[in-house]
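> Any chance you can model this:
(chains A and B)
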Amino acid sequence: MKQWMLERNRYFDSVFLMRISSELEKLDGIAQAVVAMATPVNVGNLMASGYDLKREGALQPADLIIAIDAASDEAYAAAQETLDRLLAGGTDAGPGNATTGPLASTLAEALTIDPEANLALISVPGLHAAREARLALRHGLHVMLFSDNVSIEDEVALKDEAVERGLLMMGPDCGTAILNGAALGFANVCRRGTIGIVGASGTGIQEISSLIHQWGGGLSQAIGTGGRDLSKAVDGRMTRFGIRALGDDPETEVIVVVSKTPSPSVAEKVLTTLEATDKPGVVHFIGARATRYSEAVDITASLADAARAALDKAGIRTDDAPKHVDASLKTVGPAGNPDPGTGRAIGFFCGGTLCQETWSILHAAGHDVASNVAGLPDVKVHAETQVAGHVMWDLGDDVFTMGKPHPMIEPSLRDDRIAAAGEDPTVRLVLADCVIGYGAHENPSGSLASAARTALAAARSDGRELIIIASVTGTDLDPQDLRRQRAILKEAGVYVEASNAEAARLASELLKGGGA
Amino acid sequence: MSRHTPTAALFNAQLRVINLGLSSFAETLKDGHVPVLDLDWRPPAGGDPELIQRIDALRNETENAWISAIQSANETAIEHMLAAEPHIVGIGIARDVVPGMTDGMVLHAGPPIEWDAMCGPMRGAVMGGLIYENAALTPDEAARLAASGDIAFDPCHHHSAVGPMAGVMTASMPVWIIENVTEGNRAYCTLNEGLGKVLRYGAYGDEVIARLRWMESELAPILSKAIQAHGPIDLRSLIAQALQMGDEGHNRNRAGTSLLIRELAPHLVRLDIPSDAIARTFEFLHSNDHFFLNLTMPAGKCALDAAANIPGSSLVTVMARNGTEFGIRLSGTGNRWFTAPAPIVDGLYLPGFSSEDAAPDIGDSAITETAGYGGFAMAAAPAIVQFVGGTPQLALDTTRRMRTITLAESRAYQIPAMGFRGTPTGIDVLHVAESGIVPAINTGIAHKEPGIGMVGAGLVTPPFSLFADAANALASLLDQSQIHEEVQ
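The predicted structure follows:
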C-alpha cells in the first residue's frame, strides 16, 4: 500500500534524508520508504514509482515528502514513529552512531591523537614486532615488547638503539612491568614505595614485587627486560640500562635485580653497574648461592630472600613476616606427624622462574630432581617425557602450550595433571604455583582447589597419604585478591606457603624426613 | 641532569600508553585508569613483507623520516602545491583553449580507456558528446562512430583538464579557465550541468543535448562577460570560505555555489542583456548545488600540476576513475598511470535506486581529495556526515585519519571544528602503502546503464594495490638512480 504525506517548508539535507530512508526500509513490512525534499528530480522519480503527488498542488523544493509503501497500517504507523524520532536527530544508536573512541591503526596515527603518549605496549605477531618496536623508539616512545619470536640480532639492535636514545626497551618476550604504579602485562597491584626492580624474568618480578607489598614495602618501578637480556649475546644491555635509570631516579632507594641463571661474564657486568649506582642493591640469579658481593650489594638464594633483603635495606622491618601462612603446617614437617612415607615429589608450575627456583632449592638440598628447566644438563629432561623420580615441570614450556593458552591464563594444563597425580601411587608430594594479578586467570585457585580435591580423594580411597603444597604469587590489591585465593586452596586441603621458596623448602624437609 | 633523561621524564609523568596487539592489555590499563589508545593494528603494507622491506629501505637510518632524496623532493612538491593560487580567469571554448584539444577528440575522466572497455555511463556520455558535436544524429550512430576508431579518446588529465563523473569534454564545449597565478599554469573543466539526467552521468537524451547547447549559446557567454567585468576571481579564497560554511568541495558545494553567485550577481545584472536571459542564468545556478564542483576540481588540478614531475617525490598528483579502472599518478613517476579495477561505491541511494543499479566508481572529482579537500575536509561538512556513518565525530575522525597519510596541512583551507587547523594536504604514497590507510574519497554514483543518470552518493575506498604498485615503482626508480650515481 503506497501512501505519502507532505510537510510544507520543512528542510533537511538530502544526505541526511537518504540515510533516514534506508533506516525506514529496514523495518518489517516496509517495501519502500522515500523521505526526500520535493525537488523536480525527486518528484519525477516518485511519480514514476507510482505515487500521485499531483493532488497537493504545486510542490516546492523546501517541502518534505514522505512516501512509504507499507504492508499494513501497523507497519506504516511504526515507520511514522521511527521517522519522527530520526528526523528529531540526536543520539539514537543507528548504524555508525555508537561512539567507540578515536580509531587509529598505526603508531604515527596514534601519536596524532595523543602526542603525549610515552610508552608503546607491543604484542603483535613476532614477524612484525621488531619493526613496530623500532618505529616506536624512533618516535621517542619507551617500549614494552611482549611478543616473542624476535631474533637475537633484532633484540640487540633494538636495545642498542634504545640505549642510544635513553629509552626503555623492555623485551622481546617481556611479560611483566610496573611503571609509575601501573601494572603492565602480567603484573600485580603493589603500593608505591622506594624499591626498584629490574628483571629478566616475569614471574620473578611478580614474586618479588608481591612479597615486597605483602611485607609492607612498596615499589618505585619494576622494569622488565625480556628473558634473554643476560645471555652472552644480549650482554645485559637493558638490565644495565635499567639499573642506571633507577640509580638516577630519586624515588628509588634500593635496587633489586632478578634473572634466571645469567652468563657469568654478563653477571659480573651487571653487578659492577649496580655497585656504581651507590645505592643498596639486591641480586637474585636463580640457582646462585647467597653471598655478599660488596658492602652495598647482596646476592640472595631465593626470590623471597631477595624481597626480604630489599625491605631490610629500605629500612622496613620484616621480622613479623610469616614464613608459614597455614598454621596446620605445624602438624606436618620433619619433626611432626604424619609420617610422610616413601614416594616421589612432582611439581606443576605456570611460572617458569618459580619452577626453576623450586628445582634449584631441591637440588641444592641434595635431592635428585629432574626438570625441563633444570640448571644441570644431566637432570634436564624434555617436556612430556616419563620421569620415574622427583620432577618439576614448567608448564609454560612451548611443548606443553602448543596450540593452547599459557597456563597462567588458562590453568587447565596444570589442573588436569594435578588431578591425575592422585591416581599415581608413586607420588607422595605435589607442588604447584598459583599466579594471580592482571593478565592471569580470574580465579586460578578455584580450579587448582578442585583438582586438589580430586587428587586427595583418589589417594585417600587408595589408602595413601598425599601432600599438596602451593604458594600464591600476588597481592590483596589484585583483582583475584591474595587472601581469597589462599583461603580457597586451604579449604581444599592444600598446604599454602608464604612464598614459592618456602613451599620448596618445606617440600625438601618433608622428603628428607621421609627418608627419600 | 637526571631530570632531563627520557626515563626520568617517564617516571615523573603520567604513563600514557599506545597498545598494539592484545586488547586485554589495554583493558588492564584502563582498569588502572591509565590513558591507553588501543590500536586497530593491522600488518603493515597490507601484510606484504617485500613491500614493507622496500618501504623501510627508503627510511632515513636513524629516524622515521624518508631518505633525503624523497624528503627534499616532497618538500619542493608540497610547497608548489600549498603556494598555488587558483583564479578563475575566464570561460573559453575547449578547442580554442584546452592544450591539444581537437575536433574529433573526446576527453574523458580517469586513466586511458578505449570504447570497448568503457562502462555504461561513460559510453552514454561519449554518445551524447558526439551527438552534441553533430558528429552523429542518433545514439546508434554515435555508438557506431565511437567504436569505429575514428574518435580519439584521451584522458582529461593529459590535457590539464578534469571532468566530474564520465568527464566527457568535446571541442565545442565551454570550459572554465583556471590559472594558478603563482606559477602561471592553467587547468580546465566543463561547466556543471546540474543533477538528474545529465551527460556526466551518461544521459544523452534530447533534454541533455538541449541543455548543453543552451549552456554553450547562452549561459557560458553571459558568465564569461560577467567574469570579464568582475576581473579574475580568487578561487582559493572562495573555497576557503565555502569550507567554513559547511562544504567539503566534493559532495557538498552549496556554499561555494552561493558564494560564486554573490560574486557575479552585480556584474550579471549590469550586463546589457535581456533580463529573461539573466534570470535563466540565475535560476540555473540556483537550481544546481554542484555548480561549484566544476571549479573546486580545476582549482585542485592546477595546484597539483604545479607539484607534478619532481623526481623522487612520493606525492600523489592524480586520483581518477573512468568507471572501469581507478588510476593514480605520482609526482616522482611522471606521467605513468597505476591502475586497478574501479570499486563499487559504498553509498546512499536516491529514491527508487539501490546498489544493484550502481556503476563502478567514476570521475576525476577525486582530484579534490588529492588536493586536500573533499573527503579530506569531511570534518568541515557536518550536513553530509551520513556518508561516513552518521555522526560529526566520525567526520572529524575521517579528516584526522588523513593526516597520517599526508605531507602537510593547507595554509588556506581550514576546518573550524578542528580549531581552524588546515586540511590534510598532499597524499604521500609511501605513507599509504605502509599504513594501509587509503584516501577517503566522497563521490557520486552513476547508474550502470547509459542514459539514466545519478542514483546516489557515498564514500569510495580506492584499491590498496594502486598505492603498493606506485610505491614499488618509485622505489625502483630511486634504486636505479642510486646505481646510476654509483656508476658515475
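
> Show me which residues of the stretch 151-300 of chain B sit near chain A.
B:195, B:196, B:251, B:252 (C-beta under 8 Å from any C-beta of the partner chain). Any C-beta I mention is one placed from the backbone N, CA and C, and that applies to glycine too.

> Let's see that with 7 Å instead.
B:195, B:196 (C-beta under 7 Å from any C-beta of the partner chain).

> Can you check which helix is longest in chain A?
Taking DSSP state H as the criterion, chain A has its longest helix at helix A:444-461.

> Okay, buried residues for it please.
Going by neighbour count (16 or more other C-beta atoms under 10 Å in any protein chain shown), the buried part of helix A:444-461 is A:444-449, A:451-456, A:458-459.

> Buried ones in the next helix or strand after it, by neighbour count?
Counting by DSSP states H and E, the element after helix A:444-461 in chain order, helix or strand, is strand A:467-473. Of the residues in strand A:467-473, A:467, A:468, A:469, A:470, A:471, A:472, A:473 count as buried by neighbour count, 16+ other C-beta under 10 Å.

> Parallel or antiparallel, which strands does strand A:467-473 pair with?
Sheet pairing for strand A:467-473, assigned by DSSP bridges, gives strand A:427-435 (parallel), strand A:495-497 (parallel).

> Now do it, average pLDDT.
Mean per-residue pLDDT for strand A:467-473: 96.

> Quick one: residues in contact with the helix or strand following that strand.
Scanning forward in sequence from strand A:467-473 by DSSP H and E, the next helix or strand is helix A:482-491. Helix A:482-491 has contacts (C-beta atoms under 7 Å, 6 or more residues apart in numbering or on different chains) with A:325-326, A:434, A:436, A:445-446, A:448-449, A:470, A:472, A:474-476, A:496.

> Residue A:151 and residue B:47, how far apart?
The gap separating residue A:151 from residue B:47 is 20 Å, by C-beta to C-beta, to the nearest Å.

> try residue B:243
To residue B:47, residue B:243 is 36 Å away according to C-beta to C-beta.

> neighbour-wise, which of the two wins?
With neighbours defined as other C-beta atoms under 10 Å in any protein chain shown, residue B:243 and residue B:47 compare such that residue B:243 has more, 27 against 12.

> got the phi/psi numbers for the more buried one?
Backbone dihedrals for residue B:243, given as degrees, to the nearest 10, come out at phi -60, psi -30.

> confidence score at the closest residue to it other than its chain neighbours?
Nearest non-adjacent residue to residue B:243, counting by C-beta to C-beta, 6 or more residues apart in numbering or on different chains: residue B:380, 4.5 Å away. Residue B:380 is assigned a pLDDT of 95 by the prediction.

> what sits against residue A:189?
For residue A:189, the contact set (C-beta under 7 Å, 6+ apart) comprises A:183, A:437, A:475, A:477, A:478.

> Oops, could you answer that again for residue A:458 instead?
Contacts for residue A:458 (C-beta under 7 Å, 6+ apart) come out as A:422, A:423.

> And for residue A:307?
Contact partners of residue A:307, counting by C-beta under 7 Å, 6+ apart, are A:208, A:211, A:212, A:215.

> swap the cut-off to 10 Å and go again
Going by C-beta atoms under 10 Å, 6 or more residues apart in numbering or on different chains, residue A:307 touches A:195, A:197, A:207-215, A:217, A:256, A:258, A:282, A:284, A:300, A:318, A:321, A:499, A:501.

> what do you get for residue A:295?
Taking C-beta under 10 Å, 6+ apart, one finds A:275, A:280 in contact with residue A:295.

> So what's the residue count around residue B:355?
For residue B:355, using other C-beta under 10 Å, the count is 14.

> so what's the backbone phi/psi at it?
Backbone torsions for residue B:355, taken as degrees, to the nearest 10, come to phi -60, psi -20.

> Tell me who's in contact with it.
Counting by C-beta under 10 Å, 6+ apart, residue B:355 touches B:344, B:345, B:346, B:347, B:349, B:445, B:455, B:456, B:458.

> give me the low-pLDDT residue ranges for chain A?
When residues are selected by pLDDT under 70, those of chain A lie in A:56, A:89-102, A:319-341, A:514-516.

> Which residue ranges of the stretch 301-450 of chain A form helices?
A:303-313, A:352-364, A:398-401, A:412-421, A:444-461 (DSSP state H, counting those that start in this stretch).

> now the longest one and strand A:467-473, what's the angle there?
Direction vectors for helix A:444-461 and strand A:467-473, defined by axes from the mean of the first three to the mean of the last three C-alpha atoms, to 10 degrees, enclose an angle of 170 degrees.

> distance between helix A:444-461 and the chain's centre?
In terms of C-alpha atoms, centre = their mean, to the nearest Å, the centre of helix A:444-461 is set 26 Å apart from its chain centre.

> For chain A, what is the nearest residue in the stretch 101-250 of chain B?
Closest residue of the stretch 101-250 of chain B to chain A, C-beta to the nearest C-beta: residue B:196 (4.2 Å).

> Residue B:104 is in contact with residue B:149, isn't it?
No: contact status for residue B:104 versus residue B:149: not in contact, 11.4 Å apart, counting by C-beta atoms under 10 Å.

> Could you give the separation between the terminal residues of stretch B:285-296?
Stretch B:285-296 has its terminal residues 16 Å apart, counting by C-alpha to C-alpha, to the nearest Å.

> show me the contacts for the residue of chain A most remote from its centre.
Distance from the C-alpha centroid of chain A peaks at residue A:57, with 70.3 Å (C-alpha atoms, centre = their mean). Residues near residue A:57 by C-beta under 10 Å, 6+ apart: residue A:6.

> if you set the cut-off to 6 Å instead, what comes out?
If you count contacts by C-beta atoms under 6 Å, 6 or more residues apart in numbering or on different chains, residue A:57 has none.

> Ok, residue B:111 next?
Shown in contact with residue B:111 (C-beta under 6 Å, 6+ apart): B:325, B:327, B:337, B:339.

> Now for those: which two are most distant?
B:325 and B:337 (8.6 Å; C-beta to C-beta).

> quick one: which of these two has more around it?
Using other C-beta under 10 Å as the criterion, residue B:325 and residue B:337 rank with residue B:325 on top: 24 against 19.
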